[in-house]
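Peer 1: Starting from these lines, generate the structure:
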Amino acid sequence: MVQGASSDAEVKMVAILRVLSESPGPLGSIAIARELENRGVFLSERGVRYYLRIMDERGFTQPLGRGGRQITPRGHEELRTALAPEQLRFILERLELLAFNTTFDPDTGVGQVAVNTSVFHESSFDRALAAMRGVFKAGICVSDMVAVAEGGAKLGGIIIPRGRIGFATVCGVTINGVLLKKGVPMESRFGGILEVSDWRPRRFTAIINYGGTSIDPSEQLIRARMTAVTEAVTSGEGRVLANFREILAASRPLVEETLTKLREVGIGGVYSMGSVSEPVCQIAVGLNRVGLVLVGGLNPIAAAAEAGIEMENYAESGMMDFRDMRSFWKL
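Peer 2: Predicted structure coming up:
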């Protein structure tokens, strides 16, 4: 871990990690220095190479051919934990970036979608899939389209370690991105635990605001063992991961039309939509606004965690071409 998070060197290393984490491929020192300058961090190419050598030694980055670097799983973990006070808006900014980068078109079923990536031990992957089956069958997910990668491959921006298997699920921020391209801004308020009663969403029992955390809410809640997703899909009574969004009331007809098209191509995830200015699942919404409850994309993963299976989760890990994903039922 980077120690003493207040030093200038550590701030620059975290800035470099952030650039690498948001890049679709490896970057060299020139490209990194240029991107840092665009973000207001001025560091020479030579300085970038110096810090990259340090991060290589610490396992945060991995050198590739011709001087390029890519961030490692350990680097992603460092990025999420270092300089926490300075990263309180990190998740919200990440959501906004992925929404902007989403190019998926529900009219054609083609384009980039945002994904979450989970990493399992090879020996436990089949058990994990078995634990997830009921969740995908019940539709407590954004989509049943997934992707699988073995060690050494890259999945949703995450390099899968040897001896592990990566599993990508569609992230709910894809809906934000599709609506953004339609001219509809969507406000992401929080993620949390949604209590389900008699198969219906009832109320939020735990809330983590995106603007006040440096770690994705779903990741935190899975680690804290606060979910009861398996119970929800088997008995209709339980606790699932969910997110709360708001839209302008005037945009509702376009939103409903777009959500219908998304469902037709295999992307759902909207658990409940309220009326204008009316609370949804006991959450108040603003004047002339409509609240939406989105099912968390990591609910299948939460079910695997409930079954005692260990994994590492990277919510909002990156982008994937939707054509590179396949139905969970075809694995």
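
Peer 1: count of residues packed around residue 259?
Peer 2: Applying other Cβ atoms under 10 Å, we find 20 other residues in the vicinity of residue 259. C-beta coordinates here come from the backbone N, C-alpha and C atoms, glycine included.

Peer 1: looking at this, it is in a strand?
Peer 2: No - counting by DSSP: H, G, I helix; E, B strand; the rest coil, residue 259 falls outside a strand, being helix.

Peer 1: Is it correct that it is in contact with residue 271?
Peer 2: No - the pair residue 259 and residue 271 fails to qualify as a contact (Cβ atoms under 8 Å) at a distance of 11.6 Å.

Peer 1: On the three-state scheme, residue 278 is what?
Peer 2: Classification of residue 278 by three-state DSSP places it in coil.

Peer 1: On the pLDDT front, check it for me.
Peer 2: Model confidence at residue 278, given as pLDDT, is 96.

Peer 1: Just give the nearest non-adjacent residue to it, would you?
Peer 2: Closest residue to residue 278 apart from its sequence neighbours, by Cβ to Cβ, 6 or more residues apart in numbering: residue 285 at 7.0 Å.

Peer 1: Count the residues that sit near residue 12.
Peer 2: A total of 18 residues lie near residue 12 under the criterion other Cβ under 10 Å.

Peer 1: Please report the distance of it from residue 33.
Peer 2: 11 Å (Cβ to Cβ, to the nearest Å).

Peer 1: Quick check: neighbours shared by those two?
Peer 2: 43, 47 (Cβ atoms under 8 Å, 6 or more residues apart in numbering).

Peer 1: all strands for the stretch 151-300 of the chain, in order.
Peer 2: Taking DSSP state E, counting those that start in this stretch as the criterion, the stretch 151-300 of the chain carries its strands at 154-155, 158-159, 164-170, 186-197, 200-209, 238-248, 270-273, 289-295.

Peer 1: Just tell me which of these ends up closest to residue 111.
Peer 2: Shortest separation from residue 111 across the strands of the stretch 151-300 of the chain is recorded for strand 164-170, at 12.2 Å, computed as Cβ to Cβ.

Peer 1: According to the record, where do the domains of this protein fall?
Peer 2: Taking automatic domain parsing as the reference, the chain has its domains at 8-87, 88-331.

Peer 1: Keeping just the C-alphas, turn stretch 16-34 into CSV.
Peer 2: The C-alpha coordinates for stretch 16-34 follow below in CSV (Å, rounded to 0.1, in the frame of the first residue of the first chain):
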residue,chain,number,x,y,z
ILE,A,16,-1.1,7.7,-12.8
LEU,A,17,-3.0,4.7,-11.6
ARG,A,18,-6.3,6.5,-12.3
VAL,A,19,-5.2,7.3,-15.9
LEU,A,20,-4.3,3.6,-16.5
SER,A,21,-7.5,2.4,-14.9
GLU,A,22,-9.6,4.5,-17.3
SER,A,23,-7.6,3.6,-20.4
PRO,A,24,-8.9,0.8,-22.7
GLY,A,25,-5.4,-0.5,-23.3
PRO,A,26,-1.7,-0.1,-22.2
LEU,A,27,-0.2,3.4,-22.2
GLY,A,28,3.4,4.6,-22.5
SER,A,29,5.0,7.3,-20.5
ILE,A,30,4.4,10.0,-23.2
ALA,A,31,0.7,9.3,-23.3
ILE,A,32,0.4,9.2,-19.5
ALA,A,33,2.2,12.5,-19.1
ARG,A,34,-0.1,14.1,-21.8
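
Peer 1: Residues contacting it, please?
Peer 2: 35-36, 39, 43-49, 51-52, 55, 60-61, 64, 66-71, 75-76, 78-79, 97, 157, 318-319.

Peer 1: Now do that stretch: distance to the chain's middle.
Peer 2: The gap between the average C-alpha position of stretch 16-34 and the chain average comes to 20 Å, counting by Cα atoms, centre = their mean, to the nearest Å.

Peer 1: Quick check: buried residues in that stretch?
Peer 2: Counting neighbours by 16 or more other Cβ atoms under 10 Å, one finds that the buried residues in stretch 16-34 are 16-23, 26-29, 31-33.

Peer 1: ok, those vs residue 135, which is closest?
Peer 2: Of the buried residues of stretch 16-34, the one sitting nearest to residue 135 (Cβ to Cβ) turns out to be residue 21, at 27.7 Å.

Peer 1: What degree of burial does the closest residue to residue 320 other than its chain neighbours show, as a neighbour count?
Peer 2: Distances taken as Cβ to Cβ, 6+ apart place residue 115 nearest to residue 320, at 5.0 Å, with adjacent residues excluded. Here the count is done by other Cβ under 10 Å, and residue 115 has 32 residues near it.
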